[in-house]
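*Asks:* Please work out how this folds:
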Amino acid sequence: MIRIGVRAGLLGAIAAFVIEFLVLVPLAGQCLVWIFNIALWVGLGVLVAYWQPPHARTEDLALGGAVAGFISGLVGGLLGVLLVPILLLLFGGTAGMLRFLPPSFLAWYRDMGIAPEVLFSPTGLFLVMSLTCGLQLVLGPVISALSAVLLAPWLGPEEEYWEEDQGPYMLEW
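*Replies:* Numbering: from 1, shown residues only. Here you go, the predicted model:
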């Protein structure tokens with residue numbers, strides 16, 4: 001089941017690589033990344049459940065889903081951290097990023113006691129993206145494992161319950 005998880009995880013890593021570039025969209029980028037990442041992790045669980053061998057155990061399905069979610073979360077999280085310098089260059093540094101934010105958003109940060117200038121500085125963005133990476137490493141395996149386990153009865157290989165000459169399979173006492 002680990003092989004199935006790795007195979008699904010590699011496909012998920014490719015998708016996470018593409019999804020993570022949505023962070024470059026002003027304002028809504030990080031929200032879009034999270035929405036698509038959650039859909040990706042559920043999809044990885046679906047792949048693991050679909051590729052399962054007959055009579056796969058629940059713990060094997062959970063392990064395959066967790067491996068797939070971890071691989072895609074690792075790639076997406078690390079790429080998010082590596083995109084911080086590109087974000088700063090594209091938006092013109094901290095001052096440029098703050099220009100994209102509405103005044104009510106900046107006031108909300110100030111009311112919470114957070115200086116937006118510090119949060120959107122290179123160090124602040126690096127710390128936020130590092131926390132996001134860690135969160136992806138936790139949520140990816142959990143969501144993928146849960147979706148693999150919960151969806152396996154509907155997506156797994158169909159079993160043959162009919163024998164040729166005896167009709168439906170029945171337990172004999």
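*Asks:* lowest confidence element among the helices and strands of the protein?
*Replies:* Every helix and strand in the chain was compared by mean pLDDT, DSSP states H and E; the lowest is strand 162-163, with a mean of 48.
*Asks:* Which residue would you name as the spatial centre of the protein?
*Replies:* When Cα atoms, centre = their mean is applied to the chain, the residue found nearest the centroid is residue 37 (3.8 Å).
*Asks:* Residue 52 is in contact with residue 63, isn't it?
*Replies:* No - Residue 52 lies out of contact with residue 63 (Cβ atoms under 8 Å); the separation is 11.3 Å. Any C-beta I mention is one placed from the backbone N, CA and C, and that applies to glycine too.
*Asks:* Any chance you could list residues touching both of those two?
*Replies:* Between them, residue 52 and residue 63 have residue 1 as joint contacts when contacts are counted by Cβ atoms under 8 Å, 6 or more residues apart in numbering.
*Asks:* how far away is residue 144 from residue 109?
*Replies:* Spatial separation of residue 144 from residue 109 under the definition Cβ to Cβ, to the nearest Å is 33 Å.
*Asks:* Show me which of the two is the more surrounded one.
*Replies:* In this view residue 144 and residue 109 are compared by other Cβ atoms under 10 Å, and residue 144 has more residues nearby, 34 against 16.
*Asks:* What count of nearby residues applies to the nearest residue to the more buried one once chain neighbours are set aside?
*Replies:* Of all residues not flanking residue 144 in the chain, residue 69 sits nearest, at 3.1 Å (Cβ to Cβ, 6 or more residues apart in numbering). When neighbours are defined as other Cβ under 10 Å, residue 69 has 34 of them.
*Asks:* now do residue 82
*Replies:* 12.
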